[in-house]
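S.K.: Pasting a predicted model and its sequence here:
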Amino acid sequence: MSYKTEYQRSISQPEDFWREQAEHLPWYKKPTRILGKDEQGAWRWFLDGELNTSYCALDYHVENGRADQVAVIYDSPVTDTKSRLTYRQMRDQVALFAGGLRKLGVEKGDRVVIYMPMVPEALIAMYACARLGAVHSVVFGGFAPHELAVRIDDAQPKVIVSASCGIEVSKVIPYKGLLDDAISQAEHKPDHCVILQRPQQPCELTSSRDVDWESLMKSAEPADPVPVKATDPLYILYTSGTTGKPKGVVRDNGGHAVALKYSMKTVYGVDPGEVFMAASDVGWVVGHSYIVYAPLLAGCTTIVYEGKPVKTPDAGAFWRLIDEYKIKAFFTAPTAFRAVKKEDPEGKLLAEYDIGSLKTLFLAGERLDPPTYHWLNEMLPVPVIDHWWQTETGWAIAGNMMGLDPAKPKAGSATFPTPGFDVQILDTQGNQAPAEEEGSVCIKLPMPPGCLTTVWGDHKRYNSSYMDAFPGYYLTGDGGKFDEEGYLFIMGRTDDVINVAGHRLSTGEMEEIVASHPGVAECAVIGVADELKGQLPVGLVITKDGWKGEPAELEAELAALVRKEIGAIACYRQTLVVDRLPKTRSGKILRKILRSIADGKEYQVPSTIDDPASLVEIEQVMKGQGLVK
């Protein structure tokens, strides 16, 4: 079927379309009410269906010929460890741990916080919760105690599952101390903490609530899957909110399973039995969707990678994984490949590996800047696909559909909306913007299955954050446009538009130009307050290893480049050369905080920051250049 036919049918006949997709899952009770509204007035999918996500992803495959197929490959260069779990082994481990959780009092509807490194046990814990009908909330391993405490108080877990430590490239992070600190700060106290002891740094189990993972497994009885309603919550995943209090995005069981199974073939072009890798972390939405759930729902093999794109041991890490495990589709954030590009700009390490199994490279999590896109295209003999989605949607809003008839890509574009997503560009009055005109990217309701159903414990916040700005639409918070051919361009968060003397200019566009300079490895452009013009753009640039130019020379060349491509109207003059840019752990540059620093405003360091010290460094550089107001 062509993309156009499939997409139009998904929008004009959504109930028929998603009823057919739901047929591909093993339901305990097949849904007959495909689409309707709940008591809070929110759209819901498969209202009377019953299933179990753990059964769909594990038991079903064991019972239908995939018992001995590898389900999970664990590859940890930081511990020099590799292992594999078949579908049967994975099911048995999950059933046993679910029995252990039940022994600790966890039942359907209870919450379990999971605070784990990238190890197979993290997936086992998530599936064990799903097996019981309990709701898991994964918090990125190593998060600061205060941020973990905030999430504990919001989710109110009966049990917390953690490990003795996490391992980074050059250090071991003791999780147990962070967890104990968080619990002491939290008002809510869990009944038990299950701790996985890691040989790299075991910990003492000091509290009566502490339970050893291995001991729990030895004494547990396997638990059968518990049928749950399609509309029952599967998990809570916290995303940063503008108020400083994280928003608990709630994902349901039925819509989530249907959407993710559909996406593996349609979006990624991957079939059962093939190997799929998402280089992310289980603490992020990409990890939830495309390390843990989607590959196993689709009968594929997934990879749990405890390492980095560089320095474990070098910039050939991804190529080694593709070669060793015969990966068909690989998915990561553009920032990962910018790190690879910085360390190996000519791609010399690629020549050491056979990546013949790779058919497609997918990038998401932030905007794929054209220079990185072009570099990858020149390096690789496969399509490089930019696709766009959010924590809230759980899967791609737009992309180049590898399972249908892929379109010719355009640099800087996420191609076309995914079937099910009625994407529209609205102006400030809520009217559809014409082609080539930027506006707010919105999704007409109802959104397809798999998207958030509410904010945990705060449906008013769900409405105020996403639904109230344009009635009948979900507000993505991103700005963008369609071109004349219907290609979608996401230009960044709506607050990344700067206003220079009354002219609205996209920082994304300026970043493209700055990043095209041969000396630039990575950059961010921010709008800084200016008395005369309102705002002026300033570039923050990381130079490529081996670049020998002078900063003043680079600043002049970049100013000339922007002037040539956008015009003098952009008023781009100032560039600061920095060693690193402050980012979230998922790779997003913290542009809003950079603006606050430059404008001399107070800011809150977000819980998702990867390296807080980078903010101090940036502030010193800005002050040294007389930039801070």
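M.R.: Structure's in. What do you need?
S.K.: what's residue 278 sitting at in phi/psi?
M.R.: phi -110, psi 120 (degrees, to the nearest 10).
S.K.: quick one: low-confidence parts of this protein?
M.R.: Where the chain drops to pLDDT under 70, the residues are 240-244, 495-496, 502-504.
S.K.: got the domain boundaries for it?
M.R.: With domains defined by automatic domain parsing, the chain comprises 3-307+387-468+475-480, 501-624.
S.K.: Determine how far the last residue of the longest one lies from the first.
M.R.: Which is domain 3-307+387-468+475-480. Criterion C-alpha to C-alpha, to the nearest Å; first-to-last residue distance in domain 3-307+387-468+475-480 is 22 Å.
S.K.: how distant is it from the center of its chain?
M.R.: Averaged C-alpha coordinates place domain 3-307+387-468+475-480 at 10 Å from its chain's average position (C-alpha atoms, centre = their mean, to the nearest Å).
S.K.: Could you do the shortest one as well?
M.R.: On the basis of C-alpha atoms, centre = their mean, the separation between the geometric centre of domain 501-624 and that of its chain is 24 Å.
S.K.: got the end-to-end distance for it?
M.R.: 26 Å.
S.K.: that older thread, do you know which of the domains of the chain lies nearest residue 341?
M.R.: Taking C-beta to C-beta, domain 501-624 is the member of those nearest to residue 341, at 6.5 Å. No exception for glycine: its C-beta is placed from N, CA and C like everyone else's.
S.K.: I'd like to know which of the domains of the chain is closest to residue 343.
M.R.: In terms of C-beta to C-beta, the element of the domains of the chain nearest to residue 343 is domain 501-624, at 6.4 Å.
S.K.: List just the one of the domains of the chain that sits closest to residue 339.
M.R.: Short answer: domain 501-624, nearest of the domains of the chain by C-beta to C-beta, at 8.3 Å.
S.K.: Can you get me a residue count around residue 518?
M.R.: By other C-beta atoms under 10 Å, 10 other residues sit near residue 518.
S.K.: State the phi and psi torsions of it.
M.R.: phi -60, psi -20.
S.K.: Is it correct that residue 575 is in contact with residue 555?
M.R.: Yes - at 4.2 Å, residue 575 counts as touching residue 555 under the criterion of C-beta atoms under 8 Å.
S.K.: now, of the domains of the chain, which is deepest in the fold?
M.R.: Ranked by mean neighbour count, those are led by domain 3-307+387-468+475-480 with a mean of 20 (mean count of other C-beta atoms under 10 Å).
S.K.: With distance to residue 316 as extra columns, can I get the domains of the chain in CSV?
M.R.: Shown next, in CSV, are the domains of the chain (distance: least, C-beta to C-beta, whole Å):
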stretch, distance to residue 316
domain 3-307+387-468+475-480, 11
domain 501-624, 15
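S.K.: Among these, single out whichever gets nearest to residue 322.
M.R.: Smallest distance to residue 322 across the domains of the chain (C-beta to C-beta): 7.8 Å, for domain 3-307+387-468+475-480.
S.K.: Name the residues that touch stretch 322-329?
M.R.: By C-beta atoms under 8 Å, 6 or more residues apart in numbering, the residues outside stretch 322-329 that reach it are 73, 75, 268-270, 274-277, 301, 303, 321, 330, 353-355, 357-362, 402.
S.K.: Need the distance between the two termini of it.
M.R.: Stretch 322-329: ends 9 Å apart by C-alpha to C-alpha.
S.K.: which of the residues in that stretch are buried?
M.R.: Within stretch 322-329, the residues scored as buried using 16 or more other C-beta atoms under 10 Å are 322, 323, 325, 327, 328, 329.
S.K.: In these, find the pair that's most separated.
M.R.: 323 and 329 (14.8 Å).
S.K.: Name the residues that touch stretch 136-144?
M.R.: For stretch 136-144, contacts defined as C-beta under 8 Å, 6+ apart pick out 111-118, 122, 125-126, 129-130, 147-148, 151, 155, 157, 162-163, 166, 173, 175, 178, 234-238, 248, 281-284, 287-288, 585, 607-608.
S.K.: quick one: residue 309 from residue 377, how far?
M.R.: 18 Å (C-beta to C-beta, to the nearest Å).
S.K.: Now do the helices in the stretch 501-629 of the chain.
M.R.: Assigned by DSSP state H, counting those that start in this stretch, the stretch 501-629 of the chain shows helices spanning 507-515, 551-565, 591-598, 613-624.
S.K.: would CSV of the ones you listed with distance to residue 48 be doable?
M.R.: Formatted as CSV, the helices of the stretch 501-629 of the chain follow (distance: least, C-beta to C-beta, whole Å):
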stretch, distance to residue 48
helix 507-515, 44
helix 551-565, 55
helix 591-598, 43
helix 613-624, 50
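S.K.: Which one of those helices lies nearest to residue 523?
M.R.: Across these, closest to residue 523 is helix 507-515 (C-beta to C-beta), at 4.6 Å.
S.K.: Looks to me like residue 462 is in a helix.
M.R.: Yes - assignment of residue 462 by DSSP: H, G, I helix; E, B strand; the rest coil places it within a helix.
S.K.: Tell me the bridge partners for the nearest residue to it once chain neighbours are set aside.
M.R.: Nearest residue to residue 462, sequence neighbours excluded (C-beta to C-beta, 6 or more residues apart in numbering): residue 455, at 4.2 Å. Going by DSSP bridges, residue 455 is paired in beta bridges with residue 249.
S.K.: so residue 455 makes contact with residue 245?
M.R.: No - counting by C-beta under 8 Å, residue 455 does not reach residue 245; the two are 10.2 Å apart.
S.K.: In three-state terms, label the spatially closest residue to residue 388 that is not a sequence neighbour for me.
M.R.: Once flanking residues are discounted, residue 388 sits nearest to residue 414: 4.0 Å by C-beta to C-beta, 6+ apart. Put simply, residue 414 is coil when judged by three-state DSSP.
S.K.: show me the contacts for residue 414.
M.R.: Contact analysis of residue 414 by C-beta under 8 Å, 6+ apart lists 386, 387, 388, 397, 398, 399, 488, 489, 490.
S.K.: so how far is residue 363 from the third one?
M.R.: Shown here: residue 388 relative to residue 363, a distance of 10 Å by C-beta to C-beta.
S.K.: Next: the fifth one.
M.R.: In this structure, residue 398 and residue 363 are separated by 13 Å, where distance is defined by C-beta to C-beta.
S.K.: quick one: common contacting residues for the two?
M.R.: The contact lists of residue 398 and residue 363 share residue 387, where a contact means C-beta under 8 Å, 6+ apart.
S.K.: Report the backbone C-alpha coordinates of the helix or strand residue 499 falls within in CSV.
M.R.: Per DSSP states H and E: residue 499 is located in strand 497-500. Output of strand 497-500 as CSV, limited to C-alpha atoms (Å, rounded to 0.1, in the frame of the first residue of the first chain):
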residue,chain,number,x,y,z
VAL,A,497,12.3,31.9,17.6
ILE,A,498,14.0,35.2,18.1
ASN,A,499,12.7,38.6,17.3
VAL,A,500,15.3,40.9,15.8
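S.K.: Mind jotting down where the strands sit in the stretch 1-150 of the chain?
M.R.: Applying DSSP state E, counting those that start in this stretch to the stretch 1-150 of the chain gives strands spanning 35-37, 43-45, 50-51, 70-76, 81-86, 111-115, 135-138.
S.K.: can you put these in a markdown table and add distance to residue 292?
M.R.: Output for those, formatted as a markdown table (distance: least, C-beta to C-beta, whole Å):
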| stretch | distance to residue 292 |
| --- | --- |
| strand 35-37 | 26 |
| strand 43-45 | 20 |
| strand 50-51 | 17 |
| strand 70-76 | 9 |
| strand 81-86 | 13 |
| strand 111-115 | 11 |
| strand 135-138 | 9 |
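S.K.: For residue 544, find the nearest of those.
M.R.: Across the strands of the stretch 1-150 of the chain, residue 544 has its closest neighbour in strand 70-76 (28.6 Å, C-beta to C-beta).
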